[in-house]
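Student: Pasting the sequence and the predicted model now:
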Amino acid sequence: MKITRLFSLAVLFATATVATSQFAHAETVVVEEEVYEWVEDDSSSGTTERFVADQFGDVQPSRKPIASFGPFHMVTPDRAELIGSIETETPAQFRALLRAFPALRQIDMVECPGTGDDEANLALARMVRRAGVTTYVPNGGSVRSGGVELFLAGSHRLADPAAEFAVHSWRDQDGLEADDYAANDPVHLEYISYYREMGMSDSQARAFYAMTNSAPHDDALYLGPRDIAAYLPLG
């Protein structure tokens, strides 16, 4: 059975401040490849609004992107800023990003409220790990719900002391949450196995999974970097 974290943006929304770049400006490159840029088309009003402006208000990339691939905005040839949620199409967008920018080394997770498709999120996370990319949450950055799983995928995981994380129980398509399933139900193993794959011991993975599910789906538990580091070292 497919498990989907159908998060409520009203609950998990938070304003993020875009961090000042840690990298010097790099020479702009010309990319001869189709670039994905998600837009919302409101045909009834005859207007088209960009996803970032429509969904996340004033949260914008720290500089004009070289190219955008869904929620990923390339601000230098080796660094992307993530602003938006992870959806079914995001792994394909990230694959296109890697083809166009094979020098990618770091993803700054500026504003990530979660995911509308957990399977796509875990597939993307494994792509990030295979690519050896660092994940970083800057000062004022906010990573919530399934975005936390994506953060854990970094080959190195970095977070400013003021970075924000939020977790909560998953909810399936029938409205059932993790605690509604028996403790030995195989449905729990997908996440526990993923956490182990990302470097946690079995006991750490089970403890982290229990912690995330200790908060009801509609009442997120907010954490700081030290809380995450208690289960998987940062740095």
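Tutor: Perfect, I can see it now. Residues are numbered from 1 along each chain as shown.
Student: for the chain, what are the low-confidence residue spans?
Tutor: Residue ranges of the chain with pLDDT under 70: 1-57.
Student: hey, where'd the strands end up in it?
Tutor: With DSSP state E as the criterion, the chain has strands at 39-42, 47-50, 67-69, 72-76, 79-83, 106-112, 134-137, 142-144, 157-159, 164-167, 221-223.
Student: What are the buried residues along the last one?
Tutor: What it means is strand 221-223. Within strand 221-223, the residues scored as buried using 16 or more other CB atoms under 10 Å are 221, 223. For every residue, glycine as well, the C-beta is placed using N, CA and C.
Student: How about the third one?
Tutor: Buried positions in strand 67-69, judged by neighbour count with 16+ other CB under 10 Å: 67-69.
Student: of all those, which comes closest to A182?
Tutor: Ranked by distance to A182 (CB to CB), the buried residues of strand 67-69 are led by F69 at 40.2 Å.
Student: which residues touch stretch 126-140?
Tutor: For stretch 126-140, contacts defined as CB atoms under 8 Å, 6 or more residues apart in numbering pick out 16-19, 91, 94-95, 98, 104-110, 143, 150-165, 197-198, 225.
Student: again, only using 6 Å
Tutor: 16-17, 19, 94, 104, 106-109, 143, 151, 153-160, 162-163 (CB atoms under 6 Å, 6 or more residues apart in numbering).
Student: Likewise for stretch 185-192?
Tutor: Contacts to stretch 185-192, defined as CB under 6 Å, 6+ apart, come from residues 181, 205-206, 209.
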